[in-house]
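> Sequence below, structure please.
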Amino acid sequence: MPLLQAVFFNRRLGNLLGFLVCVALIAYALYSQYGLGYEPCPLCIFQRVAVIAVGVGFLLAFLHNPATKGALIYGVVIDLSALTGALIATRHIWIQAQPAGAVASCGATLGYMLDTLKFTTVIAKVLTGSGECHEINWR
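Here you go, the predicted model:
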């Protein structure tokens, strides 16, 4: 039984597994974009950033292997990153659930907005969503 507990309740192993799951999610997102040709909308890109942040948190926790207090701090950072990603995903699903025409038409690309607008303005515009965030093209 102690060996089983060591395998299933090892914090460091859990951090490594969390990191590997994040790597797999980003790898599939990149495959979908470059292999299958699905262009991500701005909300998809923000969700990728959140997954990367969670993955970096897991990687740092794995490499550092902190004691209880440090593990708590890493856990809070990972949880906040994951919650941010979940909120963005929830907003994205809500936008996709709206009837056709209820969402504003497609706007400028994320790259263009980042080049021409303040970062806070870009975030506000992206989170309101637009036509490209309403499309579901992966079915």
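> burial of Asp79, as a residue count?
The tally of other residues near Asp79 (other C-beta atoms under 10 Å) stands at 12. C-beta: built from backbone N, CA, C; applies to glycine.
> before we move on, which element is it in?
Here Asp79 sits within helix 68-97, counting by DSSP states H and E.
> Give the buried residues for that helix.
Of all the residues in helix 68-97, those buried under the rule 16 or more other C-beta atoms under 10 Å are 71, 74, 77-78, 81-82, 84-85, 88-89, 91-92, 95.
> same thing with stretch 17-29?
For stretch 17-29, a neighbour-count test (16+ other C-beta under 10 Å) marks Gly18, Phe19, Cys22, Leu25, Ala29 as buried.
> Any figure for the gap between Ile95 and Ala53?
Separation of Ile95 from Ala53 (C-beta to C-beta, to the nearest Å): 22 Å.
> no, scratch that, I was asking about Gln98
28 Å.
> related to what we said a few turns ago, show only the entries of the buried residues of stretch 17-29 found in helices.
The members of the buried residues of stretch 17-29 that map onto helices under DSSP state H are Gly18, Phe19, Cys22, Leu25, Ala29.
> sorry, back to before: possible to save the buried residues of stretch 17-29 as TSV with pLDDT?
Below are the buried residues of stretch 17-29 laid out as TSV (pLDDT from 0 to 100):
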residue	pLDDT
Gly18	96
Phe19	97
Cys22	98
Leu25	97
Ala29	93
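> Low-confidence regions, this structure specifically.
1-9, 101-110, 112, 125-139 (pLDDT under 70).
> which parts of stretch 37-49 are buried?
Judged by neighbour count using 16+ other C-beta under 10 Å, the buried positions of stretch 37-49 are Pro40, Cys41, Pro42, Leu43, Cys44, Phe46, Gln47, Arg48.
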